[in-house]
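**Student:** coords please:
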Amino acid sequence: MKKLTFSPLFSAARATGLRAWQTGLLFQKAARTALDSIQEVLRAEVAKGNVQLVTDFLSDKALPAAKALLLERMAARLLLRIGLRGALATNVVGWVLPFVLEKMVRVGVKTGFFEKVKSNPSVSEALHRLDELKRAAWKTIAPDAGSGVEFLDDDAELPAALPPHKE
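**Tutor:** Numbering: from 1, shown residues only. This next block holds a predicted model:
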């Protein structure tokens, strides 16, 4: 039996340092949408004053009913945002949402998110920490593949325009 090889494709991916899920624009869009949906639900809960519920949810200590309710809200928002219908939509939500949540929890453990939120439980501080967690999770999900691209702060000054070209 002849063995099929896709060595040019695999060697190209290895040479750039990318994994298959990092190269797919549709996956990145779905992951970004899932991250935004998760963030919306968690921010709404923090704004209601349920900071402890959010930290318990992310550290997997929340009650099963609370977990189910938050997951249902996240899935519903993601279903509305991705624009797919039927079984395909639920299938995509079924594998993207847990993947993004897992990455978010891992980043939260690495960065000490839970300790920071527990030490300062104010709503504004918790919202700020959630934003930091989202940015860190996105860097884990879709890392910069060595291009050196960086996001500029809104307050950062942009370089001055180049002078007009003279001939």
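**Student:** I'd like to know how far residue 125 sits from residue 52.
**Tutor:** According to C-beta to C-beta, to the nearest Å, residue 125 stands 14 Å off from residue 52. C-beta coordinates here come from the backbone N, C-alpha and C atoms, glycine included.
**Student:** again but with residue 117, I slipped
**Tutor:** Residue 117 is 9 Å from residue 52, by C-beta to C-beta.
**Student:** cool, and residue 107?
**Tutor:** From residue 107 to residue 52 the distance is 20 Å (C-beta to C-beta).
**Student:** The lengthiest helix in the chain packs against which elements?
**Tutor:** The longest helix of the chain (DSSP state H) is helix 86-111. For helix 86-111, the packing partners by 3 or more C-beta pairs under 8 Å, 6 or more residues apart in numbering; DSSP states H and E come out as helix 25-47, helix 51-58, helix 64-82, helix 123-141.
**Student:** Any idea which of these gets closest to residue 94?
**Tutor:** helix 64-82 (8.4 Å; C-beta to C-beta).
**Student:** Where does the prediction get shaky in this protein?
**Tutor:** Counting by pLDDT under 70, the chain has low-confidence residues at 1-24, 144-167.
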